[in-house]
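Enquirer: sequence plus the predicted model coming up.
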Amino acid sequence: VKTRHRHPRAYPSHPPASLSRTTSRHATMSASLPGRFWLPAGGGGRGRRGTKTPSGGKSSGTGTDGGVRTRLNLRSTITVAVAGSVGAGAAAASASHGQQFARRALLSGAAAIAPALAAAQPAFAKKAASSSVGGNGGRGSSAPVPQPVTKVDLAGRRLVAIGDVHGDFMQTMKALELAKVMDTSGHWVGGSTVLVQVGDILDRGDSELAIMRKFRALAKEAKEAGGDVITINGNHEIMNVLGDFRYATKGAYAEDARYVEKQHAKLVATEGAENVLPLPTAPEGNDPEAFAGISARRSLFLPGGEMALKMATNPTVLQVGDTVFAHAGITSDHVEYGFERLNHEVAAWMAGKTSSPPKHVLEEKGVVWTRDYGGADAGANAGAEEAACRRLSAALEATSAARLVVGHTPQAKGINSGCGGKVWRTDVGVSRGIYGSAPQVIEIVGGKVRVLA
(Lines give C-alpha, C1' and ligand atoms only; values in the text may rest on other atoms or scores of the structure.)
Protein backbone atom coordinates (compact mmCIF):
# COMPACT_ATOMS: atom_id res chain seq x y z
CA VAL A 1 0.00 0.00 0.00
CA LYS A 2 1.48 3.32 -1.05
CA THR A 3 0.52 6.57 0.61
CA ARG A 4 0.55 10.01 -0.94
CA HIS A 5 0.42 12.76 1.64
CA ARG A 6 -0.82 15.91 -0.03
CA HIS A 7 -1.56 17.93 3.06
CA PRO A 8 1.08 19.92 4.96
CA ARG A 9 2.19 18.52 8.29
CA ALA A 10 -0.08 19.40 11.16
CA TYR A 11 2.89 19.71 13.50
CA PRO A 12 4.85 21.66 14.37
CA SER A 13 2.70 24.34 12.74
CA HIS A 14 -0.26 23.51 10.53
CA PRO A 15 -1.06 26.69 8.53
CA PRO A 16 -4.29 28.14 10.01
CA ALA A 17 -5.38 29.58 6.68
CA SER A 18 -5.06 26.19 5.00
CA LEU A 19 -7.10 24.59 7.77
CA SER A 20 -9.92 27.10 7.40
CA ARG A 21 -10.02 26.87 3.61
CA THR A 22 -10.12 23.08 3.61
CA THR A 23 -12.79 22.99 6.28
CA SER A 24 -15.00 25.54 4.53
CA ARG A 25 -14.84 23.64 1.24
CA HIS A 26 -15.72 20.33 2.83
CA ALA A 27 -18.47 21.88 4.93
CA THR A 28 -20.03 23.44 1.83
CA MET A 29 -20.11 19.99 0.26
CA SER A 30 -21.54 18.46 3.42
CA ALA A 31 -24.38 20.95 3.50
CA SER A 32 -25.46 19.74 0.06
CA LEU A 33 -25.56 16.07 1.00
CA PRO A 34 -28.91 14.26 1.20
CA GLY A 35 -29.57 13.28 4.78
CA ARG A 36 -28.23 9.94 5.95
CA PHE A 37 -27.26 8.56 2.56
CA TRP A 38 -28.51 5.12 1.72
CA LEU A 39 -25.07 3.52 1.49
CA PRO A 40 -24.56 -0.13 2.32
CA ALA A 41 -21.17 0.58 3.89
CA GLY A 42 -22.69 3.23 6.16
CA GLY A 43 -23.59 0.91 8.98
CA GLY A 44 -23.88 -2.25 6.98
CA GLY A 45 -27.57 -1.90 6.10
CA ARG A 46 -28.73 -3.97 3.17
CA GLY A 47 -29.54 -0.94 1.07
CA ARG A 48 -32.70 -2.38 -0.49
CA ARG A 49 -35.48 -0.27 -1.86
CA GLY A 50 -38.64 -0.07 0.20
CA THR A 51 -36.97 -0.99 3.49
CA LYS A 52 -39.06 -0.03 6.47
CA THR A 53 -37.94 2.90 8.55
CA PRO A 54 -38.07 2.94 12.38
CA SER A 55 -41.32 4.89 12.11
CA GLY A 56 -42.92 2.02 10.25
CA GLY A 57 -43.10 3.70 6.84
CA LYS A 58 -41.35 2.72 3.67
CA SER A 59 -38.12 4.24 2.48
CA SER A 60 -38.53 6.51 -0.50
CA GLY A 61 -34.80 6.46 -1.11
CA THR A 62 -34.54 10.22 -1.52
CA GLY A 63 -33.30 11.07 1.97
CA THR A 64 -33.86 14.78 1.46
CA ASP A 65 -35.99 15.55 4.49
CA GLY A 66 -35.70 19.18 5.45
CA GLY A 67 -34.97 18.34 9.07
CA VAL A 68 -31.99 16.24 8.05
CA ARG A 69 -30.67 19.07 5.91
CA THR A 70 -30.89 21.27 9.00
CA ARG A 71 -28.76 18.74 10.80
CA LEU A 72 -26.08 18.87 8.14
CA ASN A 73 -26.00 22.64 8.07
CA LEU A 74 -25.83 22.80 11.86
CA ARG A 75 -22.85 20.47 12.02
CA SER A 76 -21.12 22.27 9.17
CA THR A 77 -21.68 25.66 10.76
CA ILE A 78 -20.16 24.50 14.04
CA THR A 79 -17.16 23.00 12.26
CA VAL A 80 -16.43 26.07 10.17
CA ALA A 81 -16.90 28.48 13.08
CA VAL A 82 -14.62 26.58 15.43
CA ALA A 83 -12.03 25.88 12.74
CA GLY A 84 -11.89 29.58 12.00
CA SER A 85 -11.44 30.50 15.64
CA VAL A 86 -8.75 27.85 16.12
CA GLY A 87 -6.92 29.12 13.07
CA ALA A 88 -7.11 32.70 14.26
CA GLY A 89 -5.87 31.73 17.70
CA ALA A 90 -2.94 29.82 16.29
CA ALA A 91 -2.06 32.72 13.99
CA ALA A 92 -2.04 35.13 16.89
CA ALA A 93 0.07 32.77 18.98
CA SER A 94 2.48 32.33 16.11
CA ALA A 95 2.87 36.07 15.67
CA SER A 96 3.54 36.80 19.30
CA HIS A 97 5.29 33.74 20.71
CA GLY A 98 6.62 31.74 17.80
CA GLN A 99 6.15 28.34 16.28
CA GLN A 100 6.04 26.32 19.51
CA PHE A 101 3.12 28.28 20.95
CA ALA A 102 1.26 28.11 17.64
CA ARG A 103 1.55 24.35 17.79
CA ARG A 104 0.17 24.31 21.33
CA ALA A 105 -2.79 26.41 20.25
CA LEU A 106 -3.58 23.87 17.56
CA LEU A 107 -3.08 21.00 20.00
CA SER A 108 -5.92 22.37 22.14
CA GLY A 109 -8.12 23.49 19.25
CA ALA A 110 -9.90 20.20 18.65
CA ALA A 111 -10.85 19.95 22.32
CA ALA A 112 -12.86 23.14 21.98
CA ILE A 113 -15.13 21.76 19.29
CA ALA A 114 -15.96 18.37 20.84
CA PRO A 115 -18.56 19.55 23.40
CA ALA A 116 -20.24 21.73 20.77
CA LEU A 117 -20.62 18.85 18.34
CA ALA A 118 -21.89 16.52 21.04
CA ALA A 119 -24.38 19.11 22.25
CA ALA A 120 -25.71 19.51 18.71
CA GLN A 121 -26.33 15.81 18.14
CA PRO A 122 -29.45 15.37 20.35
CA ALA A 123 -31.12 18.33 18.60
CA PHE A 124 -31.52 16.36 15.41
CA ALA A 125 -31.39 12.78 16.70
CA LYS A 126 -35.16 12.35 16.41
CA LYS A 127 -35.20 13.53 12.80
CA ALA A 128 -32.31 11.25 11.92
CA ALA A 129 -33.93 8.23 13.53
CA SER A 130 -37.06 8.59 11.40
CA SER A 131 -35.40 9.60 8.15
CA SER A 132 -35.87 7.55 5.01
CA VAL A 133 -32.35 6.28 5.08
CA GLY A 134 -32.58 4.18 8.22
CA GLY A 135 -31.29 6.50 10.98
CA ASN A 136 -28.13 5.67 12.96
CA GLY A 137 -26.31 4.59 9.84
CA GLY A 138 -28.92 1.93 9.11
CA ARG A 139 -27.60 -0.43 11.75
CA GLY A 140 -27.55 1.20 15.18
CA SER A 141 -31.18 0.30 15.94
CA SER A 142 -30.73 -3.46 15.50
CA ALA A 143 -27.11 -4.39 16.21
CA PRO A 144 -26.23 -5.18 19.85
CA VAL A 145 -23.88 -2.82 21.64
CA PRO A 146 -20.31 -4.18 21.50
CA GLN A 147 -18.69 -4.97 24.84
CA PRO A 148 -15.10 -3.65 24.76
CA VAL A 149 -12.54 -5.37 26.94
CA THR A 150 -11.51 -3.31 29.98
CA LYS A 151 -9.06 -5.60 31.79
CA VAL A 152 -6.59 -8.12 30.42
CA ASP A 153 -4.60 -10.54 32.57
CA LEU A 154 -1.00 -10.29 31.43
CA ALA A 155 -0.08 -13.62 33.06
CA GLY A 156 3.64 -13.18 32.49
CA ARG A 157 3.30 -12.35 28.83
CA ARG A 158 5.25 -9.72 26.96
CA LEU A 159 3.48 -6.35 26.58
CA VAL A 160 4.14 -3.94 23.70
CA ALA A 161 2.68 -0.47 23.08
CA ILE A 162 2.59 1.53 19.84
CA GLY A 163 1.65 5.21 19.83
CA ASP A 164 -0.38 7.37 17.44
CA VAL A 165 0.00 6.36 13.77
CA HIS A 166 -2.39 8.83 12.11
CA GLY A 167 -3.17 7.18 8.80
CA ASP A 168 0.42 6.34 7.80
CA PHE A 169 0.35 2.70 6.71
CA MET A 170 4.04 2.27 5.93
CA GLN A 171 5.17 3.78 9.23
CA THR A 172 2.67 1.60 11.07
CA MET A 173 4.09 -1.52 9.41
CA LYS A 174 7.60 -0.46 10.42
CA ALA A 175 6.45 -0.03 14.02
CA LEU A 176 4.88 -3.50 14.05
CA GLU A 177 8.04 -5.06 12.69
CA LEU A 178 10.14 -3.12 15.21
CA ALA A 179 7.95 -4.51 17.97
CA LYS A 180 8.71 -8.03 16.68
CA VAL A 181 5.04 -8.90 16.41
CA MET A 182 4.74 -8.90 12.61
CA ASP A 183 7.03 -10.29 9.92
CA THR A 184 7.82 -8.70 6.57
CA SER A 185 4.95 -10.61 4.93
CA GLY A 186 2.48 -8.93 7.29
CA HIS A 187 1.66 -11.88 9.56
CA TRP A 188 1.68 -12.19 13.33
CA VAL A 189 4.91 -13.54 14.83
CA GLY A 190 4.46 -12.18 18.35
CA GLY A 191 3.32 -15.44 19.91
CA SER A 192 1.61 -14.70 23.23
CA THR A 193 2.56 -11.00 23.19
CA VAL A 194 -0.11 -8.45 24.12
CA LEU A 195 0.03 -5.52 21.69
CA VAL A 196 -1.78 -2.27 22.50
CA GLN A 197 -2.11 0.59 20.02
CA VAL A 198 -2.93 3.71 22.03
CA GLY A 199 -5.37 5.37 19.62
CA ASP A 200 -5.40 7.99 16.86
CA ILE A 201 -5.27 5.72 13.84
CA LEU A 202 -7.51 8.27 12.13
CA ASP A 203 -6.75 11.64 10.50
CA ARG A 204 -3.63 13.36 9.12
CA GLY A 205 -2.81 10.41 6.83
CA ASP A 206 -4.25 8.69 3.76
CA SER A 207 -4.52 5.01 4.78
CA GLU A 208 -6.79 4.84 7.82
CA LEU A 209 -9.00 1.96 6.67
CA ALA A 210 -5.97 -0.09 5.60
CA ILE A 211 -4.44 0.30 9.07
CA MET A 212 -7.69 -0.60 10.81
CA ARG A 213 -7.97 -3.69 8.61
CA LYS A 214 -4.38 -4.72 9.38
CA PHE A 215 -4.88 -4.49 13.15
CA ARG A 216 -8.06 -6.58 12.90
CA ALA A 217 -6.24 -9.23 10.86
CA LEU A 218 -3.34 -9.33 13.33
CA ALA A 219 -5.78 -9.58 16.25
CA LYS A 220 -7.28 -12.72 14.74
CA GLU A 221 -3.87 -14.30 14.15
CA ALA A 222 -2.62 -13.28 17.60
CA LYS A 223 -5.61 -14.85 19.31
CA GLU A 224 -4.83 -18.18 17.65
CA ALA A 225 -1.26 -17.96 19.00
CA GLY A 226 -2.28 -17.03 22.56
CA GLY A 227 -1.64 -13.31 22.13
CA ASP A 228 -3.81 -10.21 21.97
CA VAL A 229 -3.99 -7.12 19.77
CA ILE A 230 -6.04 -4.27 21.19
CA THR A 231 -6.58 -0.80 19.78
CA ILE A 232 -7.97 1.90 22.05
CA ASN A 233 -9.93 4.97 21.01
CA GLY A 234 -8.14 8.31 20.84
CA ASN A 235 -9.50 11.81 20.49
CA HIS A 236 -9.44 11.57 16.68
CA GLU A 237 -11.67 8.49 16.75
CA ILE A 238 -14.08 10.41 18.99
CA MET A 239 -13.91 13.46 16.70
CA ASN A 240 -14.78 11.49 13.58
CA VAL A 241 -17.81 9.83 15.17
CA LEU A 242 -18.86 13.34 16.24
CA GLY A 243 -18.67 14.31 12.57
CA ASP A 244 -15.57 16.47 12.95
CA PHE A 245 -13.61 15.64 9.80
CA ARG A 246 -11.32 18.69 9.80
CA TYR A 247 -8.15 16.62 9.96
CA ALA A 248 -9.06 14.04 7.31
CA THR A 249 -6.80 14.23 4.27
CA LYS A 250 -7.82 14.21 0.63
CA GLY A 251 -6.32 10.73 0.38
CA ALA A 252 -8.41 9.51 3.32
CA TYR A 253 -11.61 10.77 1.70
CA ALA A 254 -10.60 8.94 -1.49
CA GLU A 255 -9.97 5.75 0.50
CA ASP A 256 -13.44 6.04 2.06
CA ALA A 257 -15.05 6.56 -1.34
CA ARG A 258 -13.26 3.54 -2.85
CA TYR A 259 -14.37 1.36 0.04
CA VAL A 260 -18.02 2.41 -0.21
CA GLU A 261 -18.03 1.98 -3.99
CA LYS A 262 -16.56 -1.51 -3.64
CA GLN A 263 -19.14 -2.52 -1.02
CA HIS A 264 -21.91 -1.11 -3.20
CA ALA A 265 -20.68 -3.07 -6.21
CA LYS A 266 -20.70 -6.29 -4.16
CA LEU A 267 -24.27 -5.60 -3.08
CA VAL A 268 -25.38 -4.97 -6.65
CA ALA A 269 -23.74 -8.24 -7.71
CA THR A 270 -25.60 -10.25 -5.08
CA GLU A 271 -28.94 -8.42 -4.91
CA GLY A 272 -29.31 -7.10 -8.44
CA ALA A 273 -29.14 -3.47 -9.52
CA GLU A 274 -32.92 -3.14 -9.51
CA ASN A 275 -32.97 -3.90 -5.76
CA VAL A 276 -30.19 -1.55 -4.68
CA LEU A 277 -30.37 2.22 -4.54
CA PRO A 278 -27.60 3.98 -6.43
CA LEU A 279 -24.91 5.88 -4.63
CA PRO A 280 -25.66 9.62 -4.29
CA THR A 281 -24.32 11.87 -7.02
CA ALA A 282 -22.88 15.32 -6.56
CA PRO A 283 -25.31 18.21 -7.06
CA GLU A 284 -24.52 20.55 -9.92
CA GLY A 285 -21.62 22.84 -9.12
CA ASN A 286 -20.03 20.47 -6.60
CA ASP A 287 -16.79 18.56 -7.06
CA PRO A 288 -17.86 14.90 -7.60
CA GLU A 289 -14.66 13.54 -6.04
CA ALA A 290 -14.99 15.63 -2.90
CA PHE A 291 -18.71 14.88 -2.66
CA ALA A 292 -18.15 11.12 -2.91
CA GLY A 293 -15.44 11.25 -0.24
CA ILE A 294 -17.48 13.24 2.24
CA SER A 295 -20.65 11.22 1.76
CA ALA A 296 -18.66 8.01 2.19
CA ARG A 297 -16.94 9.24 5.34
CA ARG A 298 -20.22 10.27 6.92
CA SER A 299 -21.77 6.90 6.17
CA LEU A 300 -18.80 5.05 7.62
CA PHE A 301 -17.94 7.05 10.73
CA LEU A 302 -21.06 8.71 12.12
CA PRO A 303 -22.77 6.78 14.96
CA GLY A 304 -24.02 3.41 13.73
CA GLY A 305 -21.81 3.51 10.64
CA GLU A 306 -19.71 0.52 9.71
CA MET A 307 -16.40 1.93 10.95
CA ALA A 308 -18.01 3.49 14.00
CA LEU A 309 -19.30 0.04 14.92
CA LYS A 310 -15.85 -1.44 14.51
CA MET A 311 -14.37 1.25 16.74
CA ALA A 312 -17.14 0.61 19.26
CA THR A 313 -15.46 -2.73 19.98
CA ASN A 314 -12.31 -0.89 21.11
CA PRO A 315 -11.88 0.19 24.73
CA THR A 316 -11.24 3.82 25.55
CA VAL A 317 -9.43 2.97 28.79
CA LEU A 318 -7.68 -0.38 29.22
CA GLN A 319 -5.74 -2.07 32.01
CA VAL A 320 -3.31 -4.84 31.12
CA GLY A 321 -1.78 -6.29 34.26
CA ASP A 322 -0.36 -3.36 36.21
CA THR A 323 -0.32 -1.00 33.21
CA VAL A 324 -3.20 1.37 32.37
CA PHE A 325 -3.62 2.62 28.81
CA ALA A 326 -5.50 5.80 27.96
CA HIS A 327 -4.93 7.97 24.93
CA ALA A 328 -4.36 11.13 26.99
CA GLY A 329 -4.62 10.24 30.68
CA ILE A 330 -6.70 9.34 33.72
CA THR A 331 -7.56 10.87 37.08
CA SER A 332 -9.26 9.59 40.20
CA ASP A 333 -12.54 10.92 38.78
CA HIS A 334 -12.27 8.49 35.87
CA VAL A 335 -11.41 5.64 38.21
CA GLU A 336 -14.42 6.45 40.37
CA TYR A 337 -16.67 6.67 37.30
CA GLY A 338 -15.46 3.25 36.27
CA PHE A 339 -13.40 2.26 33.24
CA GLU A 340 -15.87 -0.44 32.24
CA ARG A 341 -18.80 1.97 32.45
CA LEU A 342 -16.94 4.57 30.39
CA ASN A 343 -16.04 1.99 27.73
CA HIS A 344 -19.61 0.74 27.52
CA GLU A 345 -21.06 4.23 27.18
CA VAL A 346 -18.63 5.17 24.41
CA ALA A 347 -19.47 1.91 22.62
CA ALA A 348 -23.22 2.52 22.92
CA TRP A 349 -22.82 6.00 21.45
CA MET A 350 -20.63 4.84 18.58
CA ALA A 351 -23.13 2.09 17.84
CA GLY A 352 -25.89 4.68 17.56
CA LYS A 353 -27.73 3.57 20.69
CA THR A 354 -27.33 6.84 22.58
CA SER A 355 -27.25 10.43 21.40
CA SER A 356 -23.97 11.48 23.01
CA PRO A 357 -20.86 9.99 24.61
CA PRO A 358 -19.94 10.35 28.30
CA LYS A 359 -18.51 13.70 29.32
CA HIS A 360 -15.16 12.08 30.05
CA VAL A 361 -14.35 11.91 26.33
CA LEU A 362 -15.49 15.48 25.68
CA GLU A 363 -13.95 17.47 28.50
CA GLU A 364 -10.66 19.28 28.06
CA LYS A 365 -9.25 17.22 30.92
CA GLY A 366 -10.91 14.03 29.67
CA VAL A 367 -9.25 10.67 29.00
CA VAL A 368 -8.66 11.40 25.31
CA TRP A 369 -7.99 15.16 25.56
CA THR A 370 -5.90 16.14 28.58
CA ARG A 371 -2.36 17.38 28.02
CA ASP A 372 -1.47 17.11 31.71
CA TYR A 373 0.77 14.09 31.13
CA GLY A 374 2.31 15.30 27.87
CA GLY A 375 5.40 16.73 29.53
CA ALA A 376 7.45 19.57 28.09
CA ASP A 377 6.05 19.01 24.59
CA ALA A 378 2.62 19.88 25.96
CA GLY A 379 3.98 23.09 27.47
CA ALA A 380 3.93 21.85 31.08
CA ASN A 381 6.12 23.70 33.56
CA ALA A 382 7.65 22.07 36.62
CA GLY A 383 4.82 23.11 38.94
CA ALA A 384 2.08 21.90 36.62
CA GLU A 385 3.80 18.58 36.04
CA GLU A 386 4.30 18.02 39.74
CA ALA A 387 0.57 18.58 40.35
CA ALA A 388 -0.29 16.23 37.48
CA CYS A 389 2.00 13.57 38.95
CA ARG A 390 0.19 13.75 42.27
CA ARG A 391 -3.15 13.24 40.52
CA LEU A 392 -1.74 10.35 38.54
CA SER A 393 -0.30 8.67 41.63
CA ALA A 394 -3.71 8.76 43.29
CA ALA A 395 -5.42 7.30 40.20
CA LEU A 396 -2.87 4.53 39.78
CA GLU A 397 -3.07 3.61 43.45
CA ALA A 398 -6.85 3.29 43.13
CA THR A 399 -6.42 0.84 40.24
CA SER A 400 -3.48 -1.06 41.77
CA ALA A 401 -1.47 -0.13 38.69
CA ALA A 402 2.20 0.81 38.43
CA ARG A 403 2.15 3.00 35.34
CA LEU A 404 0.11 4.80 32.70
CA VAL A 405 0.90 4.63 28.98
CA VAL A 406 -0.39 7.49 26.82
CA GLY A 407 -0.10 8.91 23.31
CA HIS A 408 -1.76 12.15 22.17
CA THR A 409 1.08 14.67 22.56
CA PRO A 410 3.88 14.24 20.00
CA GLN A 411 7.26 13.91 21.67
CA ALA A 412 9.91 15.60 19.53
CA LYS A 413 12.75 13.73 21.23
CA GLY A 414 11.13 10.30 21.22
CA ILE A 415 9.44 8.08 23.80
CA ASN A 416 10.08 9.23 27.35
CA SER A 417 8.71 8.91 30.85
CA GLY A 418 7.65 11.25 33.64
CA CYS A 419 6.47 11.20 37.23
CA GLY A 420 9.28 8.84 38.22
CA GLY A 421 8.36 6.29 35.57
CA LYS A 422 4.64 6.35 36.31
CA VAL A 423 3.73 7.79 32.90
CA TRP A 424 5.18 6.76 29.54
CA ARG A 425 4.60 8.88 26.42
CA THR A 426 4.47 6.89 23.18
CA ASP A 427 3.48 9.42 20.51
CA VAL A 428 6.67 10.21 18.61
CA GLY A 429 4.90 11.81 15.63
CA VAL A 430 5.60 8.77 13.47
CA SER A 431 3.04 9.72 10.82
CA ARG A 432 4.33 11.77 7.93
CA GLY A 433 1.28 13.95 8.60
CA ILE A 434 3.09 15.10 11.76
CA TYR A 435 6.87 14.69 12.15
CA GLY A 436 7.50 11.54 10.10
CA SER A 437 9.82 10.36 12.88
CA ALA A 438 11.40 6.92 12.98
CA PRO A 439 9.07 4.51 14.81
CA GLN A 440 9.65 3.68 18.46
CA VAL A 441 7.68 1.30 20.67
CA ILE A 442 7.50 0.37 24.35
CA GLU A 443 8.18 -3.15 25.58
CA ILE A 444 7.27 -4.25 29.12
CA VAL A 445 8.55 -7.61 30.36
CA GLY A 446 8.48 -8.63 34.00
CA GLY A 447 7.53 -5.12 35.05
CA LYS A 448 10.56 -3.58 33.35
CA VAL A 449 10.00 -0.99 30.63
CA ARG A 450 12.34 -0.39 27.73
CA VAL A 451 12.14 1.55 24.48
CA LEU A 452 12.69 -0.25 21.18
CA ALA A 453 14.01 2.03 18.46
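Expert: Thanks, I have the structure now.
Enquirer: which parts of stretch 253-273 are buried?
Expert: Residues Tyr253, Ala254, Glu255, Asp256, Ala257, Tyr259, Val260, Gln263, His264, Leu267, Val268 are the ones in stretch 253-273 that count as buried (16 or more other C-beta atoms under 10 Å). Just so you know, the C-beta spots here come from the backbone N, C-alpha and C atoms, and that holds for glycine as well.
Enquirer: dump the residues you listed to JSON lines, plus distance to Gly352.
Expert: Shown next, in JSON lines, are these (distance: C-beta to C-beta, whole Å):
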{"residue": "Tyr253", "distance to Gly352": "22"}
{"residue": "Ala254", "distance to Gly352": "26"}
{"residue": "Glu255", "distance to Gly352": "23"}
{"residue": "Asp256", "distance to Gly352": "18"}
{"residue": "Ala257", "distance to Gly352": "22"}
{"residue": "Tyr259", "distance to Gly352": "19"}
{"residue": "Val260", "distance to Gly352": "18"}
{"residue": "Gln263", "distance to Gly352": "18"}
{"residue": "His264", "distance to Gly352": "21"}
{"residue": "Leu267", "distance to Gly352": "20"}
{"residue": "Val268", "distance to Gly352": "25"}
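Enquirer: state the distance from Ala395 to Val152.
Expert: According to C-beta to C-beta, to the nearest Å, Ala395 stands 19 Å off from Val152.
Enquirer: of these two, give the one with the bigger neighbour count.
Expert: Ala395 (22 against 19; other C-beta atoms under 10 Å).
Enquirer: quick one: the more buried one and Val335 touch, right?
Expert: Yes - under the criterion of C-beta atoms under 8 Å, Ala395 makes contact with Val335 at 5.3 Å.
Enquirer: which non-adjacent residue is nearest Glu345?
Expert: Excluding its sequence neighbours, the residue lying closest to Glu345 (C-beta to C-beta, 6 or more residues apart in numbering) is Pro358, at 4.4 Å.
Enquirer: how many residues are close by that neighbour?
Expert: The number of residues packed near Pro358 is 22, by other C-beta under 10 Å.
Enquirer: got the contact list for it?
Expert: Tyr337, Arg341, Leu342, Glu345, Val346, Trp349 (C-beta atoms under 8 Å, 6 or more residues apart in numbering).
Enquirer: quick check: it vs Arg425, distance?
Expert: Relative to Arg425, Pro358 is positioned 25 Å away (C-beta to C-beta).
Enquirer: Gly407 now?
Expert: Note on Gly407: its distance to Arg425, by C-beta to C-beta, is 8 Å.
Enquirer: which one's more surrounded, the two?
Expert: Set Gly407 next to Arg425 and count neighbours by other C-beta under 10 Å: Gly407 wins out with 30 against 26.
Enquirer: wait, that one sits on Asp164?
Expert: Yes - under the criterion of C-beta under 8 Å, Gly407 makes contact with Asp164 at 4.5 Å.
Enquirer: and Val423, bridged to which residues?
Expert: Using DSSP bridges, the beta-bridge partners of Val423 come out as Leu404, Gly418.
Enquirer: which helix or strand contains Asp451?
Expert: For residue 451 the amino acid is Val, not Asp. Using DSSP states H and E, Val451 falls within strand 448-452.
Enquirer: show me what that strand packs onto, helices and strands only.
Expert: Helices and strands touching strand 448-452, by 3 or more C-beta pairs under 8 Å, 6 or more residues apart in numbering; DSSP states H and E, are strand 441-445.
Enquirer: pull up the pairing partners for the strand it packs on, direction included.
Expert: Sheet pairing for strand 441-445, using DSSP bridges, gives strand 159-162 (antiparallel), strand 448-452 (antiparallel).
Enquirer: for that strand, which outside residues touch it?
Expert: Counting by C-beta under 8 Å, 6+ apart, strand 441-445 makes contact with 158-163, 175, 178-179, 323, 405, 415, 424, 426, 449-452, all of which sit outside it.
Enquirer: narrow these to those that are buried.
Expert: In terms of neighbour count (16+ other C-beta under 10 Å), the buried residues within the contacts of strand 441-445 are 158-163, 175, 178-179, 323, 405, 415, 424, 426, 449.
Enquirer: from those residues, which two are the most distant?
Expert: Leu178 and Thr323 (19.2 Å; C-beta to C-beta).
Enquirer: helices of this structure, start to end?
Expert: Counting by DSSP state H, the chain has helices at residues 16-31, 66-97, 99-129, 169-178, 208-224, 235-242, 250-271, 288-301, 306-312, 332-337, 339-350, 382-399.
Enquirer: the residue nearest to Phe339 when sequence neighbours are not counted: how many residues sit nearby?
Expert: Of all residues not flanking Phe339 in the chain, Val317 sits nearest, at 4.3 Å (C-beta to C-beta, 6+ apart). If you count neighbours by other C-beta under 10 Å, Val317 ends up with 28.
Enquirer: what of Arg403?
Expert: Arg403, neighbours per other C-beta under 10 Å, totals 21.
Enquirer: quick check, it in contact with Lys422.
Expert: Yes - with contact defined as C-beta under 8 Å, Arg403 counts as touching Lys422 (5.4 Å).
Enquirer: what's the overlap in contacts for these two?
Expert: Contact with both Arg403 and Lys422 is made by residues Leu396, according to C-beta under 8 Å, 6+ apart.
Enquirer: so who does Leu178 touch?
Expert: Neighbour list for Leu178: Pro439, Gln440, Val441, Leu452, Ala453 [criterion: C-beta under 8 Å, 6+ apart].
Enquirer: over to Thr193?
Expert: Contact analysis of Thr193 by C-beta under 8 Å, 6+ apart lists Arg157, Arg158, Leu159, Val160, Ala179, Lys180, Val181, Ala222, Gly227, Asp228.
Enquirer: if we go to 10 Å?
Expert: Residues in contact with Thr193 (C-beta atoms under 10 Å, 6 or more residues apart in numbering) are 157-160, 179-181, 222, 225-229, 443, 445.
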